[in-house]
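Peer 1: this one's sequence-less:
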């Protein structure tokens, strides 16, 4: 481990200012320690424009590398330590399938604007952009969904059914306002009558990691740690979100832990999200809080990124043999438009 750390440090020195390593918060500590920039999906997307480096190494899953490649300038290249680190949620909605569904909804006489969670492929984002829609993250889903609803069109939110419903409830929509689609391999199983006048149509996907969280886990946590506060990610099922003290994006959970670390009233905190982050927060605040995971839940794709793979990639880049993320030119412009709409909608004041 020591040699890995030293060898990566040496390669970083050789590449110098040409290299910038970005890492998502769900990466393990051994990878995060090598990252120049860390953040959730929204934070990292916002920072791409300010990076001057030629080589951007993205420690995260494939859709994150694609999103970064959409936002880079000419001459910059994005690399992933593992091209096969995908996202189980992203695989639940392909660009081709979404294309078919959107056209089928149009054939039913419905004017639909799609919103795609960032956990999706560039091919899907391209479909969303072509239909005038936008990307969102868990941090800005409320703002983006509110923007879409204000257009007066029906909204198709994909692919996370949990985030969709949790966000809809934040905006005051109830179960009469939304419908989770029933899909076949080609299109929609629902009839026009099934969809009625629903304002929000929801793709039936989810994150297998966050979907593991259960209300029973919250009850067990409260019994084991009396007086604890429970916070979860909004990719968790709605009944889990309803049963805890609060829910929010990865950055929200980090800020919440920080604020509670200075609190005199709460000293026990339970967080429901990917366990690499929870472990890191527990160590960070160990002198101020007892901070534990609601449930042990590691994303296998995030954990596919290792120091060994990072070292191998940096050696390849230095030798001129690195394979950057390649995008289909036909998908680049509409997918970028969907991402840029999100950034414009959520422009900080």
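Peer 2: Here it is on my side, so go on. All values derive from a computational prediction rather than experimental measurement. Residues are numbered from 1 along each chain as shown.
Peer 1: where exactly do the strands run in the protein?
Peer 2: 19-24, 37-39, 55-59, 77-79, 112-117, 134-136, 154-158, 178-180, 200-202, 229-232, 246-247, 268-272, 290-293 (DSSP state E).
Peer 1: do you know which of those strands lies nearest residue 333?
Peer 2: strand 134-136 (14.2 Å; CB to CB). Backbone N, C-alpha and C define where each C-beta goes, glycine included.
Peer 1: most packed of the strands of the chain?
Peer 2: Of the strands of the chain, the one with the most neighbours on average (mean count of other CB atoms under 10 Å) is strand 134-136, at a mean of 29.
Peer 1: Flag every buried residue along stretch 188-202.
Peer 2: By 16 or more other CB atoms under 10 Å, the buried positions in stretch 188-202 come out as 188, 190, 195, 198-202.
Peer 1: Switch these over to a markdown table; also include distance to residue 126 and pLDDT.
Peer 2: Formatted as a markdown table, the buried residues of stretch 188-202 follow (distance: CB to CB, whole Å; pLDDT from 0 to 100):
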| residue | distance to residue 126 | pLDDT |
| --- | --- | --- |
| 188 | 20 | 95 |
| 190 | 25 | 94 |
| 195 | 25 | 94 |
| 198 | 26 | 95 |
| 199 | 25 | 96 |
| 200 | 22 | 98 |
| 201 | 20 | 98 |
| 202 | 21 | 98 |
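Peer 1: So in this structure, which helix runs the longest?
Peer 2: Longest helix of the chain, by residue count under DSSP state H: helix 329-345.
Peer 1: care to break this structure down by domain?
Peer 2: For the chain, the structural domains run 2-85+302-318, 90-206+333-345, 210-293, going by automatic domain parsing.
Peer 1: what distance separates the second one from the middle of the whole chain?
Peer 2: It refers to domain 90-206+333-345. How far domain 90-206+333-345 lies from its chain's middle: 15 Å, per CA atoms, centre = their mean, to the nearest Å.
Peer 1: Can you give me the end-to-end span of that domain?
Peer 2: Terminal residues of domain 90-206+333-345 are spaced 23 Å apart (CA to CA, to the nearest Å).
Peer 1: just the last one next, same as before
Peer 2: Domain 210-293 stretches 12 Å from its first residue to its last (CA to CA).
Peer 1: Tell me, how many residues neighbour the closest residue in space to residue 92 that isn't next to it in sequence?
Peer 2: With CB to CB, 6 or more residues apart in numbering as the criterion, residue 92 has its nearest non-adjacent residue at 3.6 Å, and that residue is residue 205. Number of residues near residue 205 (other CB atoms under 10 Å) recorded here: 25.
Peer 1: ok, residue 205 touching residue 159?
Peer 2: Yes. Counting by CB atoms under 8 Å, residue 205 does reach residue 159; the two are 3.2 Å apart.
Peer 1: Quickly list what's touching both of those two.
Peer 2: Any residue near both residue 205 and residue 159 by CB atoms under 8 Å, 6 or more residues apart in numbering counts here, and that gives 89, 92-93.
Peer 1: any weak-confidence spans in the stretch 1-150 of the chain?
Peer 2: Low-confidence segments of the stretch 1-150 of the chain, defined by pLDDT under 70: 1-2.
Peer 1: same thing but 80
Peer 2: Applying pLDDT under 80 to the stretch 1-150 of the chain flags residues 1-2, 41-42.
Peer 1: circling back to that earlier point, and the longest helix of the chain, what's buried?
Peer 2: Buried residues in helix 329-345, defined by neighbour count with 16+ other CB under 10 Å: 331, 334-343, 345.
Peer 1: how many neighbours does the nearest residue to residue 114 once chain neighbours are set aside have?
Peer 2: Spatially, and ignoring its direct neighbours in sequence, residue 114 is nearest to residue 133 (3.8 Å; CB to CB, 6+ apart). Residue neighbour count, defined by other CB under 10 Å, stands at 29 for residue 133.
Peer 1: roughly how far apart are residue 133 and residue 195?
Peer 2: As judged by CB to CB, to the nearest Å, residue 133 and residue 195 stand 18 Å apart.
Peer 1: returning to that earlier point: could you report the pLDDT at the residue nearest to residue 92?
Peer 2: pLDDT recorded at residue 205 is 97.
Peer 1: what's near enough to touch it?
Peer 2: Neighbour list for residue 205: 89, 92-93, 158-161 [criterion: CB under 8 Å, 6+ apart].
Peer 1: Tell me the spacing between the closest residue in space to residue 46 that isn't next to it in sequence and residue 186.
Peer 2: In space, and not counting its chain neighbours, residue 46 is closest to residue 343: 6.8 Å by CB to CB, 6+ apart. Using CB to CB, residue 343 is found at 33 Å from residue 186.
Peer 1: mind checking the end-to-end distance for stretch 248-267?
Peer 2: Terminal residues of stretch 248-267 are spaced 20 Å apart (CA to CA).
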